[in-house]
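Enquirer: Take a look and give me a structure for this.
(chains A and B)
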Amino acid sequence: MLRILFIMPLGMLLLLGYAVTTDVKRINTAIYDFDNSSLSREYVRSLSPGDYFITSAEYSPLLRVDQALKENRRNAVLVIPEDFAEKIDDRTPVTVGLILDGGNANTASISLGYASIITRQFNQRMLGIRPIISLHERKLYNPEGESVYFMVPGIVAVLLTMITVMLTSMAIVRERENGTLEQLMVTPITTPALILGKTIPFAVIGFVELSLGLVVGIVWFGIPFVGSWPLLYLLALVYLFTVLGAGMFISTVTKTQQQAMFFSWFFSVFAIMTGGLFIPIANMPQSVQYLTYINPLRYFMVIVRGIMMKDASLDILAPEAFAMVIFGLVVFMFSWLRFSKRIS
Amino acid sequence: MMRKLKYIAFKEFRHILRDPRSLMITIMMPVMMTLLYGYAVNLDIKNIKLAVIDHDNSASSRDLINSFYNSGYFLQATKRVSLSDPERILKSGAANAILIIRPGFDEEIDRIEADPTAYYQNGEVYQLGVVIDGSDANVATAASSYAEIIVMQYVKQQLPPDLDIPGVSISQQVLYNPDLKSSHFFVPGLIAIILMMISALLTSITITREKETGTMEQLLTSPVTPQQIIVGKVLPYVALALLDGILILAFGVFHFGVPFTGSVILLFVFMTIYVIAALSIGVLISTLARTQQVAMMAAILVTVLPSVMLSGFIFEIKMMPGFLQYVSHIIPARYFLVIIRAIMLKGAGIASLWPQAAALVLMTLVLLGLSAKRFKIKIG
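Expert: Sure thing, here's the model as predicted:
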């Protein structure tokens, strides 16, 4: 059991932390340089730094280049006309062609954005041309653009969620299945005390998991932690409260451990897919976005990322904290009601 | 021999039917999940929340702001934003990015309109500012690129179309390759993922349940071999999982409109192979776990996250670090993802897909073989 609770999740964290690759980087670009002058080569070179464009000459015919895009060998094609250097020297406009793979609307726009900035800088360097209006960008928090910083806390939260919900939901159902629940009920223990007593051990396990996961994240993956540890733990407590509540609720609506497991599984997958982990909630259709409001992981994700990367304080995170508290209270209340009804 | 198999399968089938609630769940949930996540999985970054601090407050600045909001990429930040503290706006998540328009924007636009060549002379540069929340790297990159393009286009619009600006400009052409990254692309992947998860879950407790309830000894004193027990136990679940597969496939095609250009029969055959491989994972877990609790937790942990993250469903395997690409080879969903996408979207046939099918068959044999061996060890 200990292996499942701690070793497997940590192993998975170590593995999966590296899997996230939705970065639009390493755009495999085929270069057709029909000019082959030092200027054109300089232009191609200016695309290389920063791991955005991976450029290499392409020797297959230009007219067949869509094949390379379809086969996903290349993501973009840059065509430099043969009068490139000539026109630049003459200070007349010259156009390069950028053919992009439009399958992912994202990547095409982002590639164009990169290329535009690089081109603007090239023009300035070579011709002293500077557009009189330009955009200056400043990136706060995670300027290097590391997805790992964003994903690993998410994975930690997900693992925490899955395990806690599973354990909690099975706890009561197992007693019911084994018939020991009636024995418990004839003891002078009150329902709230029973519920609390059953969930506190899992809360503790949850805290340990969270701490271990965060330590791995910080020490192994180098994730920054600029916020307040006490605040994170306080809000983690609230989150555990909601997750335990969900597990508890599941246990009151199921009769066998197998059913409890299915519901836990369903809840976990729901939490993962709609929690804003891999896919920003803003990408989703409006109706699905409304649904995410009942996903407590959604709020905890904002909290964890906010504290770790942005040093968010409690007053900033108040809405998320509040939402979690409401969720927890509602779920526990329902559990209590169902539980009492079941017994009487 | 076949008769014994039949009896074991039949017994298992009766077990399943004895718990109608679970049965309903195993049929309803995958369908619900397909519906929900078919919509949710969407990698097109849009609706980026943008707050604007406009110190210029002119017709031009308002024009610019509108072109941001009309682009379809940016959304107006609606939560109570106090514009006096930009950092706080980003910290609270009220906005993902802030556009800052310093005073003088209108004048610059007027200057360009009066004398277009002033646009690129080496004079004082007027800078628009954008402050971006970098915590979600993808959204940040998208915001940065989109903003650059929008500003560029806006300014170009103020210039006469025939103006000769020295230097390099980009003419962009987008070739549509609808295979990649769209709901047509994700829904087949979703089918693969859901099938994997539910299959492993189904069989994860078959053997541990017998162990826990003590009926294992009875089973073993009967004249059946461990191999027969295992195969017999898996069979009913194959039917169940295939039923699930057909249901969610139907939803994919009829509700989400995913094209189906290949052979239905071929997909069905491959799906059966895949399902058996996925079920085998559950069986192996079942032989390794001592209690149902542990078995189910292991099943969930081992199948949910790795399948979603390492199979090529959302993240491209080719872009992952080398060692992870190796690891992805032991994830059955990886192979079926290729198969189902190829058959549905490109009409591929056995010729190009047999390696994947072979990999799945190999995996199944290994998993079931290991299960049988562990079985013998535990008992013997």
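
Enquirer: For the residue in the stretch 101-250 of chain A that chain B sits nearest to, which non-adjacent residue is closest in space?
Expert: As assessed by C-beta to the nearest C-beta, chain B sits closest to residue A:113 within the stretch 101-250 of chain A, at 2.4 Å. Just so you know, the C-beta spots here come from the backbone N, C-alpha and C atoms, and that holds for glycine as well. Using C-beta to C-beta, 6 or more residues apart in numbering or on different chains and skipping the chain neighbours, the partner closest in space to residue A:113 is residue B:145 (2.4 Å).

Enquirer: Touching, that neighbour and residue A:106? I think so.
Expert: No - counting by C-beta atoms under 8 Å, residue B:145 does not reach residue A:106; the two are 9.1 Å apart.

Enquirer: Next one: residue B:126 relative to chain A, how far apart?
Expert: Applying C-beta to the nearest C-beta, to the nearest Å, the value for residue B:126 to chain A is 5 Å.

Enquirer: Give the buried residues for stretch A:29-43.
Expert: By 16 or more other C-beta atoms under 10 Å in any protein chain shown, the buried positions in stretch A:29-43 come out as A:29, A:30, A:31, A:32, A:33, A:35, A:37, A:39, A:40, A:43.

Enquirer: Mind telling me what element the closest residue to chain A within the stretch 51-200 of chain B is part of?
Expert: Nearest to chain A in the stretch 51-200 of chain B, going by C-beta to the nearest C-beta, is residue B:145, at a distance of 2.4 Å. If you go by DSSP states H and E, residue B:145 is part of helix B:137-158.

Enquirer: need the next SSE after that helix, C-terminal direction.
Expert: Of the helices and strands lying after helix B:137-158 in sequence (DSSP H and E), the nearest is strand B:167-175.

Enquirer: For the next helix or strand after that following strand, what is the distance to the chain centroid?
Expert: Later in the chain than strand B:167-175, the nearest helix or strand by DSSP H and E is helix B:183-204. Centre-to-centre, helix B:183-204 and its host chain are 10 Å apart (C-alpha atoms, centre = their mean, to the nearest Å).

Enquirer: again with stretch B:287-299
Expert: Worked out by C-alpha atoms, centre = their mean, stretch B:287-299 lies 26 Å from the chain centre.

Enquirer: what does stretch A:312-332 give?
Expert: Centre to centre, stretch against its chain (C-alpha atoms, centre = their mean), the figure for stretch A:312-332 is 20 Å.

Enquirer: Same check on stretch A:137-144?
Expert: Taking C-alpha atoms, centre = their mean, the mean C-alpha location of stretch A:137-144 is offset from the chain mean by 18 Å.

Enquirer: if we can go back for a sec, between the buried residues of stretch A:29-43, which is closest to chain B?
Expert: Closest to chain B, out of all of these and judged by C-beta to the nearest C-beta, is residue A:43, at 6.8 Å.

Enquirer: Verify the stated contact: that closest one with residue A:84.
Expert: Yes - with contacts counted by C-beta under 8 Å, residue A:43 reaches residue A:84, the gap being 7.4 Å.

Enquirer: what touches both of these two?
Expert: Shared contacts of residue A:43 and residue A:84 (C-beta atoms under 8 Å, 6 or more residues apart in numbering or on different chains): A:96, B:168.
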